[in-house]
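Engineer: Okay, sequence plus prediction incoming.
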Amino acid sequence: MRGWPFLLLFLLSSCSREELCVVDAGLDEVLSKNIPQDINLLKESADIASKAFLEKNQQTSNEAYNRMFYAPWMDDFSPIIDKLHLAAPSGHAENLHKWRPQERKKLEENAALSLAPSIKVKAIAIRTTMAYRAPTEKPFFRDIRKPGTSYPFNDNIASMIYLGTPLRILHVSFDRAWFLVGNYRFVAWVKANDVAFVDENFIKSYFSHKLSVAIEDGCPLLTENHQFLGMSHIGMLLPKATDGVLVPSFKKDGFAELRFCRTIAFVEKPYRFTEDHILALSKKLLGTKYGWGGFLENRDCAQTIRDFMAVFGANGSIYIHCDPQKFISLKGRDKANFLKENATPFLTVIGCKGHVMLYVGSFNGYPVLFHNLWAIRTGEDGRYVVGKTILSTTQFGKGIENSSTCIDDKAVFMYDVSKGVAPSNIGTQGSRPASSSPIDRMHHCKPSP
């Protein structure tokens, strides 16, 4: 993933005043006082979860997930293009000054959204890449003076797209450097050289193989000739092959071909939802760094849950193709008792404005959450930076100096992923815009707490 030279500038600008942004060397001690960062404490909860998600339910969920994954290659795929949202957002640029109107106008002219959709071409990501609201890698920070609207919350980021993800090209930028693509989650811009076209023979070949899913981060995918094609990411899907996977790569004509890579980082999807597998995968994700929308190939709160669930064939994108009637309000409830009686560990997502968490059991009488958190709010508009995947109870935030909230105060709903199955007619529903309302795309909202 390409780095940003102005990364340090934003860290300094948004976290320079101690009262606004606290980066505490004693963070691990603070976390341990809330709950030890040891996933094995939840061994009993993992056993309960494995028995709750029966094999029949897992297979049904996995089939629904695969339909969503392959949706862009279905003839009836009809994604929504929110042209208003895809217009260049306002805000501050990489030099800390606001984007000038003429600069934004130039971006919008290059996007030529008045002509979209102009094409409908089936394609695939041949690199792990970023998707953007506007056809540029440059950032749009809403307000660099405030921790909640500056780094890392770049409004131009839509999401990360893994190598091997099916796509539908809907439009091309005027300079031909960008494709507007859709999948089951969003419509956004990607760099044209990160995408290859696919024909019906390629799709048939893809469908003829079972899917494998990565259970390791950071393992190189190398061909027999030692050519590097990419890195594994937990939750990445690729066609299964004996002793490895098949990885899409460019041919000279711009179309994709499949190349064999020997690896032990992938298993056949879905990975069995056993106690050992649940704990092992959770342990690998615990402590991984926060990345807004996939920035620097890290994960945010939503992507962490999505990738964990994908390994087991469950839909972790809970705001997309899920039954809203199965969202249960937590407002006004005694959350500790209610979750203990009604939530399934490792299968129930807890949400609040700007944040989602996975319920994984209880500790000392409090619900325990597994989540990738940027920060806890302090004071009027400050942040105590966490910046990684943690275990916490719902009481996390209490005891932190100047903390103005705790998770228990903010949690507003729960959703059991094992009971939410995507509809069979996903191709006709298409995907959502790159971002819409907070309820649809919470990891694109200002995180709170």
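Structural biologist: Looks like it arrived, so ask away. Residues are numbered from 1 along each chain as shown.
Engineer: What are the boundaries of the strands in the stretch 201-350 of the chain?
Structural biologist: Secondary structure of the stretch 201-350 of the chain (DSSP state E, counting those that start in this stretch): strands at 211-214, 220-222, 228-231, 237-241, 244-250, 256-262, 266-268, 328-329, 348-352.
Engineer: so can I have CSV of those strands showing mean pLDDT, distance to Tyr290 and mean neighbour count?
Structural biologist: Just so you know, the C-beta spots here come from the backbone N, C-alpha and C atoms, and that holds for glycine as well. Shown next, in CSV, are the strands of the stretch 201-350 of the chain (pLDDT from 0 to 100; distance: least, C-beta to C-beta, whole Å; neighbours: other C-beta atoms under 10 Å):
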stretch, mean pLDDT, distance to Tyr290, mean neighbour count
strand 211-214, 98, 20, 24
strand 220-222, 98, 24, 19
strand 228-231, 97, 18, 18
strand 237-241, 98, 23, 21
strand 244-250, 97, 28, 22
strand 256-262, 98, 29, 19
strand 266-268, 98, 25, 17
strand 328-329, 86, 27, 12
strand 348-352, 89, 17, 24
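Engineer: Is His92 in contact with Arg145, as I believe?
Structural biologist: No. Look at His92 against Arg145 with C-beta atoms under 8 Å: they stay out of range, at 9.2 Å.
Engineer: With neighbour numbers in mind, choose between these two.
Structural biologist: Per other C-beta atoms under 10 Å, whichever of His92 and Arg145 has more neighbours is His92, with 22 against 15.
Engineer: who's in contact with that one?
Structural biologist: His92 makes contact with Lys98, Trp99, Pro139, Phe140, Phe141, Arg142, Asp143, Ile144, Ser150, according to C-beta atoms under 8 Å, 6 or more residues apart in numbering.
Engineer: how about those residues in a markdown table, adding neighbour count, secondary structure and pLDDT?
Structural biologist: Shown next, in a markdown table, are those (neighbours: other C-beta atoms under 10 Å; DSSP: H, G, I helix; E, B strand; the rest coil; pLDDT from 0 to 100):
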| residue | neighbour count | secondary structure | pLDDT |
| --- | --- | --- | --- |
| Lys98 | 16 | strand | 94 |
| Trp99 | 21 | coil | 93 |
| Pro139 | 26 | coil | 95 |
| Phe140 | 24 | coil | 94 |
| Phe141 | 26 | strand | 94 |
| Arg142 | 17 | coil | 92 |
| Asp143 | 14 | coil | 90 |
| Ile144 | 20 | coil | 89 |
| Ser150 | 24 | coil | 91 |
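Engineer: Could you give the bridge partners of Leu221?
Structural biologist: Gly230 (DSSP bridges).
Engineer: what's the closest of the strands of the stretch 201-350 of the chain to Ser418?
Structural biologist: The minimum distance between Ser418 and the strands of the stretch 201-350 of the chain falls on strand 348-352, with 8.5 Å, by C-beta to C-beta.
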